[in-house]
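# sequence first, predicted model second:
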Amino acid sequence: MQKKSVRDLDVDGKKVLVRVDFNVPVKDGEVTDDTRIDRAMPTIGMLVERGAKVALISHLGRPKGSPDPKYAMDPVAKRLGEMLGRHVEKLDTAVGQEVSDALDNLPEGGVVLLENSRFYEGETKNDPGFADELAAPFDLYVNDAFGAAHRAHATTVGVAERLPAAAGLLLEREVDYLDGVLKDPERPFVAILGGAKVSDKLGVIESLLGVADSLLIGGAMCFTFFKAKGYGVGKSLVEDDYLEEAKRLMQEAGDKLVLPVDVVAAREFEADAEHRTVSVDGVPEGWMGLDIGPETVELFAGRISGAKTVFWNGPMGVFEMDAFAKGTEGVARAVAESDATSVVGGGDSVAAVNKLGLEREMSHISTGGGASLEYVEGKELPGVAVLPDR
Ligand SMILES: Nc1ncnc2c1ncn2[C@@H]1O[C@H](COP(=O)(O)OP(=O)(O)OP(=O)(O)O)[C@@H](O)[C@H]1O
Ligand SMILES: O=C(O)[C@H](O)COP(=O)(O)O
């Protein structure tokens, strides 16, 4: 990565504001998945070891610019403290005298967690006054929040314009892996896309068709392509406004675009619905396709096993229901077993990989859903662009 790195900073005794993405699931006051906290540990550890005074800041959920106890950072501070093996003080504010005092009292190598950045309306507006306030108590700024890098907010952009800034280790790793896939992939490069909507991923499909050797499409998305081909798709999820786009993409992509050959169709959208495997042009009237079928898993697995690079985003079916999770599991296993450099992005595909305990088999699991897709689409991420070059 061309950007200045936290490694390049002299942080000893300095007050460092670190933007992390601790937007983690919380239930009954407990963090239920601490992956994003864990992935920020290398940067936090490096700063602590080098004697910085560290203040971490993140958003949590989507509060509307004012304090909302439901989204307070306390459960995150508790979990972070357990993971660091020491108490982490959480402040009830993100700006002002309380922050300055806490930093003055913090020993070198100490860590505090500031309150949810979205408790301030200046955050999502990237308000200059709010960015000034955020920056005021600090000497340096580090952005390790790859998952929020597609947002031009005060904590991701404004503050980076006001302090000497650098990329954290996680942000660097995320960008380096995605760059490896997009700019210089070892071939064959197989991309796999699933999930609900073609409309969400049109830009991603176009971009991947430009760089990958094949693009395997599963999930509800494939039914828009099948309808465009003139197949009966029953009540499967289809975006009628995108049929022409789907036709165009199929024409342009030719053999590169690989669609399922069979699907699991169900009578209704229920976990215990009557279901059976049918060929892709044989979804019964009134039924809906909820997963790719076993022949498709075999077809996709064959492509994946010959790949040197794999990028995967989005589940192959309604993996939340066991009866329709086999396609996603089959693809996850094939990616895990391949020798390819594998990059997995998007909340649902990552959840599927975690559920199967396959996370160690993947080369890189992105902590950013929206951010990784925007990057693959070729969009500039404001939180990365604003950082100074080396
Ligand atoms: N055939 C299908 N019919 C209906 N829904 C489906 C089908 N296949 C997948 N889905 C649903 O699509 C949803 C995931 O779509 P989405 O586009 O949000 O994926 P993602 O990009 O991995 O997720 P995230 O938005 O969390 O990053 C899942 O809830 C899944 O149940
Ligand atoms: O979970 C995410 O994708 C990031 O934390 C960004 O969250 P946001 O979509 O609420 O900005």
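All right, it came through fine. Numbers count the residues shown, from 1 in each chain. Ligands and ions are numbered 1, 2, ... in the order given.

# can you pull the contacts of the residue in the stretch 201-350 of the chain that ligand 1 sits nearest to?
Per Cβ to the nearest ligand atom, the residue of the stretch 201-350 of the chain with the smallest distance to ligand 1 is residue 347, at 2.7 Å. In this view, the C-beta of every residue, glycine as well, is placed from N, C-alpha and C. Counting by Cβ atoms under 8 Å, 6 or more residues apart in numbering, residue 347 makes contact with residue 369.

# for it, give its distance to residue 320.
Taken as Cβ to Cβ, to the nearest Å, the spacing of residue 347 relative to residue 320 amounts to 12 Å.

# check residue 218 too.
Using Cβ to Cβ, one obtains 15 Å as the distance from residue 218 to residue 320.

# again, but for residue 243
In this structure, residue 243 and residue 320 are separated by 27 Å, where distance is defined by Cβ to Cβ.

# neighbour-wise, which of the two wins?
The residue with more neighbours, out of residue 243 and residue 320, is residue 243; 16 against 13, by other Cβ atoms under 10 Å.

# which one is the more buried one nearest to, not counting chain neighbours?
In this structure, residue 243 finds its nearest non-sequential neighbour in residue 228, 4.6 Å apart by Cβ to Cβ, 6 or more residues apart in numbering.

# my guess is that neighbour meets residue 248, correct?
No - with the criterion set as Cβ atoms under 8 Å, residue 228 and residue 248 do not qualify as a contacting pair; they are 9.2 Å apart.

# more neighbours, these two?
residue 228 (21 against 13).

# tell me the pLDDT at that one?
Here, the pLDDT recorded for residue 228 equals 97.

# and if you look at residue 346?
What the model reports as pLDDT for residue 346 is 78.

# how many neighbouring residues does it have?
A count of nearby residues for residue 346, using other Cβ under 10 Å, gives 23.

# swap in residue 38?
In terms of burial, residue 38 registers 15 neighbours under the definition other Cβ under 10 Å.

# wait, what's in contact with it?
Contacts were defined as Cβ under 8 Å, 6+ apart; by that measure residue 38 touches residue 83.

# flag every buried residue along the helix or strand containing it.
Element membership of residue 38, judged by DSSP states H and E, is helix 35-49. When neighbours are counted by 16 or more other Cβ atoms under 10 Å, the buried residues of helix 35-49 are found to be 35-37, 39-40, 42-44, 46-48.

# just stretch 234-246 next, same as before
Neighbour counts using 16+ other Cβ under 10 Å place 234-239, 242-243, 245-246 of stretch 234-246 among the buried residues.

# residue contacts, the residue of the chain most remote from its centre?
Of all residues in the chain, residue 285 sits farthest from the chain's C-alpha centroid, using Cα atoms, centre = their mean; the distance is 36.3 Å. Taking Cβ under 8 Å, 6+ apart, we find residue 285 in contact with 232, 234.

# per-residue confidence at it?
Note for residue 285: predicted pLDDT of 96.

# what residues does the protein have near ligand 2?
Residues of the chain found near ligand 2, taking Cβ under 6 Å from any ligand atom as the criterion, are 21, 23, 62, 147-148, 151, 369-370.

# dump those to TSV, plus secondary structure.
Below are the residues of the chain next to ligand 2 laid out as TSV (DSSP: H, G, I helix; E, B strand; the rest coil):
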residue	secondary structure
21	coil
23	coil
62	coil
147	helix
148	helix
151	coil
369	coil
370	helix
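
# of those, select the buried ones using a ChimeraX command.
A single ChimeraX command suffices to select whichever of these are buried according to 16+ other Cβ under 10 Å:
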select :21,23,147,148,151,369,370
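
# flag the least confident of the residues of the chain next to ligand 2.
For the residues of the chain next to ligand 2, the least confident position by pLDDT is residue 369, scoring 88.

# now the stretch 201-350 of the chain against ligand 2: closest residue?
residue 347 (7.2 Å).

# same deal with the chain?
Counting by Cβ to the nearest ligand atom, the chain gets nearest to ligand 2 through residue 23 (3.4 Å).
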